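Q: Just a sequence and a predicted model for now, questions to come.
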Amino acid sequence: MCFSTELTPYTEKGRERIYKRIRPDIQREIGLLMKSTIPGTDEFQNLRILHKEVHKLIHHTNKEMIDVLIHGFGMTNSMIKKINKYREKCGLQLIK
């Protein structure tokens, strides 16, 4: 980004201009995260963005709460399969 007095995080107009400029980068990064596989380490480059309730679903052991979360999100079998990859990494029972 080139320097501009209008490009500032301190005004609404400035923030809007900043967000418009970085938006394609953010979309690309999110796309890459969605396509990536689950690595085996907790290094910074392996971080994943998860919805707070999805994170709970990954770690829950209570069957009733798991069912509530799955139905609340309207999860498909392919989504549950992805959740199970994370659960497997955590050493938890897979969701059926």
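A: Perfect, I can see it now.
Q: After the host helix or strand of residue 14, which helix or strand is next?
A: Counting by DSSP states H and E, the element that carries residue 14 is helix 12-35. Sequence order places helix 52-59 as the next helix or strand after helix 12-35, per DSSP H and E.
Q: Touching that next one from outside, list them.
A: For helix 52-59, contacts defined as CB atoms under 8 Å, 6 or more residues apart in numbering pick out 50, 65, 66, 69, 70, 72, 73, 83, 86, 87, 90, 92. In this view, the C-beta of every residue, glycine as well, is placed from N, C-alpha and C.
Q: buried subset of these?
A: The neighbour count (16 or more other CB atoms under 10 Å) marks 66, 69, 70, 83, 86, 87 as buried among the contacts of helix 52-59.
Q: And the pLDDT for the last one?
A: With respect to pLDDT, residue 87 has a value of 92.
Q: Would you check how far apart it and residue 80 are?
A: The gap separating residue 87 from residue 80 is 10 Å, by CB to CB, to the nearest Å.
Q: shared neighbours of the two, anything?
A: Residues touching both residue 87 and residue 80 by CB under 8 Å, 6+ apart: residue 95.
Q: doesn't residue 60 make contact with residue 69?
A: Yes - look at residue 69 against residue 60 with CB atoms under 8 Å: they come within range, at 6.9 Å.
Q: what kind of secondary structure is residue 10 in?
A: For residue 10, the secondary structure call by DSSP: H, G, I helix; E, B strand; the rest coil comes out as coil.
Q: for it, phi and psi?
A: Note on residue 10: backbone dihedrals following degrees, to the nearest 10 are phi -90, psi 0.
Q: No further queries at this time; thank you.
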